[in-house]
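Engineer: for reference, the sequence and a predicted model appear below.
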2 protein chains.
Amino acid sequence: MSTHAPHDPSSGTLSYEQAGVNYDLIDPLKISAQRAAAATAGHLSAHGFTEVKASRGESAYVVDVGPFYIASIVECLGSKALVADEMATLTGKSYYDGIAQDTIAMAVNDLITVGATPLVVQAYWAAGGSDWFGDAQRAQALVAGWKKACDVCQVAWGGGETPALAGIVESGRIDLAASCTGLINPKERLSVGDKLGAGDAIVLLASSGIHANGLSLARKLTERLPDGYLTEVEPGLSYGDALLAPTTLYSPVTEALYKAGITPHYCANITGHGWRKLLRHPGQFTYRIHTVPPVTPVLKFMQQHAQQDDREAYSTLNMGAGFAIFVKADQAAKVVEIAQSCGIAAWDAGRVEDGDKQLLIEPLNIRFGDDDLQLR
Amino acid sequence: MSTHAPHDPSSGTLSYEQAGVNYDLIDPLKISAQRAAAATAGHLSAHGFTEVKASRGESAYVVDVGPFYIASIVECLGSKALVADEMATLTGKSYYDGIAQDTIAMAVNDLITVGATPLVVQAYWAAGGSDWFGDAQRAQALVAGWKKACDVCQVAWGGGETPALAGIVESGRIDLAASCTGLINPKERLSVGDKLGAGDAIVLLASSGIHANGLSLARKLTERLPDGYLTEVEPGLSYGDALLAPTTLYSPVTEALYKAGITPHYCANITGHGWRKLLRHPGQFTYRIHTVPPVTPVLKFMQQHAQQDDREAYSTLNMGAGFAIFVKADQAAKVVEIAQSCGIAAWDAGRVEDGDKQLLIEPLNIRFGDDDLQLR
């Protein structure tokens, strides 16, 4: 529930906060949970192991178990399933194969930022009641999409939970999450920030659309569209269908880089907070972007209808770039080539420099400073 | 939603199925998901690893990564949080410290069955809206209980997700789950069934109460109690407080066994399906129980008010035994002693024999056969 003043959704700028998530209420819990979590690290020594402290604050948690590192994570899909449900009502189609890919992408794309090869995914499918699973077409689409995403990422689907949670999850809805465990092997692949330096290139990988972040805003926006989710983003493509493009899975790229002998100096999964995630690294660097990837049509459409200026749009949505790989400048062209060979467009988009902690998107004349992203 | 005929809750036998979970709707999905999951095992070979095939169908998934095995799992709390919410309204207390322990126990107690040392826990706390986290007392209890359970199990709390999922999770509710990653090290600790044999002892470890399984039945039962959750189970102890006793964490016992040089031949976490879980092992054995632990008061109370005979009660609830350890008969006394030194009562309760696949609870004259438990 938002503490913001009542807002007329039919006109004016629609920000992410106005779309319904109030971080002021969540953040104190997050901070105390992070502190309590950090205080448990010492337990690993009872088993002869240690945590990689720099991984706290990164996208996945890393433990040194001797011959290699183990990375683990749990990630939630968020509210994208609500768009799938609405579109299923409107079109009669099931979108849960794509939703499955989205859920796995949330976990896998975070896990690979620390240099890990994802090995095992576990499924968490909590439905509002047993009857959710009684819709065989939808349930089989979820299974098939989950399997396919595992195939793309070459991970083993270990198992999972399919609870029926009437009274907790809303009737007719499903709460989807994925946990993922991977190895950083050899240990030199570890990427938690210490390798990044001035002169490194910033390679941006194309997104397929909104992915699974910014959906509260996307859903809110339907109130202003003449035909809601069926409003066309471009001829023949509805807003709902465009939103439901499954999130790109980036682990084939990071695995191909490893095989080509390229070790990223850092990676950032561009999710919530949009391009501000390029400021994720804890160090003091200036990130100067000289090339901006083309904006995915659905995101351009959202920006227009939410009447956001570029600064707000890039601070909220991925705007066409779903993942950033920071590498030695002389490896940037090769990274672009490898990503393309995986079917993912990529751009040598900028450079890391010494200087104030800031992101400069030069073609758009946008600057984000250190206070624009507080994740730790 | 149940397909059973409408049922008068005020009298007669109340079974688990009548309490609202219809496995007929979930099971087809489970089976197709298990098949699809099994078909992904080959991906591990691309990374130089293999799955431990026998772990499919066990409580945690195991991968052979060379120097040791990695086990992973994700587990849901279920509906116990609804009891905590109701009791908070009635008493003004927050029960979320215990609920946190329950959630971790669901994951840790499953992970240790395969011989793993739990290393990292991730938190999945999906609330019905940001305002859930605005109740500072409740949120801090959740954090403190989570931390304390990690301390007891000597696991590192790696991080997690705290999404606000309005429209998916019901307003004012929270969907809690935990993922856990552990190591089986040395590899001889692996316990996925091949070690079990005739003559082995069955050691049962005490439960603290209902743990986190059978809560649908427990909640339904309040309709027949004069004062609902405030009905006394014994003088000074309300039904609600008794239900909310946190689930026993069994990993201190399995770790102490390892340090004492005792490797269980098999373990079973007694959760849903009650004592039928003692039939979990895939082999053909007769499990003959000669000693039945005292029934936890809240479970005896439930059995009485649900008007269940012993057979139905033992097929649904843990009835005082939360975990089973199968060991060489001459180690049983030592296992009991070690459990007791961890503060957990234990009994050398029976023996494994060659013969039909069945569980014979001799003191109660109960027999469960192979068709009474279909998990695979």
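Structural biologist: Yep, that arrived. Numbering: from 1, shown residues only, chains lettered A, B, ... in the order given.
Engineer: ramachandran angles for residue A:343?
Structural biologist: phi 80, psi 20 (degrees, to the nearest 10).
Engineer: kindly report the same for residue A:47.
Structural biologist: Torsion angles at residue A:47 (phi, psi; degrees, to the nearest 10) stand at phi -100, psi 10.
Engineer: what's the residue lying closest to it once chain neighbours are set aside in contact with, if anything?
Structural biologist: Among residues not flanking residue A:47 along the chain, residue B:117 sits closest, at 5.7 Å (CB to CB, 6 or more residues apart in numbering or on different chains). The C-beta positions use only the backbone N, C-alpha and C, and glycine is treated the same way. Neighbouring residues of residue B:117 by CB atoms under 8 Å, 6 or more residues apart in numbering or on different chains: A:47, B:182-185, B:251, B:255, B:258.
Engineer: got the contact list for the residue nearest the centre of chain A?
Structural biologist: The residue lying closest to the centre of chain A (CA atoms, centre = their mean) is residue A:271, at 3.7 Å. Contacts here follow CB under 8 Å, 6+ apart; on that basis residue A:271 touches A:106, A:109-110, A:211-213, A:277, A:318.
Engineer: among these, which one has the most neighbours?
Structural biologist: residue A:318 (31 neighbours; other CB atoms under 10 Å in any protein chain shown).
Engineer: ok, it to residue B:324 distance?
Structural biologist: 49 Å (CB to CB, to the nearest Å).
Engineer: what does residue A:114 give?
Structural biologist: From residue A:114 over to residue B:324 the distance is 38 Å, taken as CB to CB.
Engineer: same check on residue A:343?
Structural biologist: According to CB to CB, residue A:343 and residue B:324 sit 50 Å apart.
Engineer: ok, now residue A:86?
Structural biologist: Distance, residue A:86 to residue B:324, using CB to CB: 47 Å.
Engineer: who's in contact with the helix or strand containing residue A:359?
Structural biologist: Using DSSP states H and E, residue A:359 falls within strand A:358-361. For strand A:358-361, the external contacting residues (CB under 8 Å, 6+ apart) are A:275-276, A:278-279, A:286-289, A:292, A:314, A:366-370.
Engineer: which non-adjacent residue is nearest the residue of the stretch 101-250 of chain A found nearest chain B?
Structural biologist: Per CB to the nearest CB, residue A:158 is where the stretch 101-250 of chain A lies closest to chain B, at 3.2 Å. Distances taken as CB to CB, 6+ apart place residue B:61 nearest to residue A:158, at 3.2 Å, with adjacent residues excluded.
Engineer: quick check: bridge partners of the one you found?
Structural biologist: Residue B:61 has these beta-bridge partners by DSSP bridges: residue B:72.
Engineer: my guess is it contacts residue B:73. True?
Structural biologist: Yes - using CB atoms under 8 Å, residue B:61 is in contact with residue B:73, at 6.9 Å.
Engineer: can you work out which residues contact both of those two?
Structural biologist: In contact with both residue B:61 and residue B:73: A:122, A:158-159, using CB under 8 Å, 6+ apart.
Engineer: need these in CSV (columns: secondary structure and neighbour count).
Structural biologist: Converted to CSV, those look like this (DSSP: H, G, I helix; E, B strand; the rest coil; neighbours: other CB atoms under 10 Å in any protein chain shown):
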residue, secondary structure, neighbour count
A:122, strand, 26
A:158, strand, 29
A:159, strand, 23
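Engineer: so how far is residue A:326 from residue A:283?
Structural biologist: 11 Å.
Engineer: of these two, who's got more company?
Structural biologist: Neighbour comparison, residue A:283 and residue A:326: the larger count goes to residue A:326, with 27 against 12 (by other CB under 10 Å).
Engineer: specify the beta-bridge partners of the more buried one.
Structural biologist: Beta-bridge pairing of residue A:326 under DSSP bridges involves residue A:202, residue A:266.
Engineer: contacts only, for it.
Structural biologist: Contact analysis of residue A:326 by CB under 8 Å, 6+ apart lists A:196, A:200-203, A:264-268, A:281, A:352.
Engineer: just the C-alphas of the helix ranked longest in chain A, formatted as PDB.
Structural biologist: Criterion DSSP state H: the longest helix present in chain A is helix A:136-153. In PDB, the C-alpha atoms belonging to helix A:136-153 read as follows (Å, rounded to 0.1, in the frame of the first residue of the first chain):
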ATOM      1  CA  ALA A 136      -4.500 -29.100 -17.200                       C
ATOM      2  CA  GLN A 137      -3.600 -26.900 -20.100                       C
ATOM      3  CA  ARG A 138      -2.200 -24.200 -17.900                       C
ATOM      4  CA  ALA A 139      -0.400 -26.700 -15.600                       C
ATOM      5  CA  GLN A 140       1.200 -28.500 -18.500                       C
ATOM      6  CA  ALA A 141       2.400 -25.200 -20.000                       C
ATOM      7  CA  LEU A 142       4.100 -24.300 -16.700                       C
ATOM      8  CA  VAL A 143       5.800 -27.700 -16.700                       C
ATOM      9  CA  ALA A 144       6.800 -27.600 -20.300                       C
ATOM     10  CA  GLY A 145       8.100 -24.000 -20.000                       C
ATOM     11  CA  TRP A 146      10.100 -24.800 -16.900                       C
ATOM     12  CA  LYS A 147      11.700 -27.800 -18.600                       C
ATOM     13  CA  LYS A 148      12.600 -25.800 -21.700                       C
ATOM     14  CA  ALA A 149      14.200 -23.000 -19.700                       C
ATOM     15  CA  CYS A 150      16.300 -25.700 -17.800                       C
ATOM     16  CA  ASP A 151      17.300 -27.100 -21.200                       C
ATOM     17  CA  VAL A 152      18.400 -23.600 -22.400                       C
ATOM     18  CA  CYS A 153      20.400 -23.000 -19.300                       C
END
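Engineer: packing partners for that helix?
Structural biologist: Other elements packing on helix A:136-153 under the criterion 3 or more CB pairs under 8 Å, 6 or more residues apart in numbering or on different chains; DSSP states H and E are helix A:96-111, strand A:117-127, strand A:156-161, helix A:251-259, helix B:23-38.
Engineer: got the contact list for that helix?
Structural biologist: Contacts of helix A:136-153 (CB under 8 Å, 6+ apart): A:88, A:94-101, A:103-105, A:108, A:118, A:121, A:123, A:125, A:132-133, A:156-157, A:246, A:249, A:251-252, B:28-29, B:32-33, B:36-37, B:39-40, B:43.
Engineer: cool, thanks, talk later.
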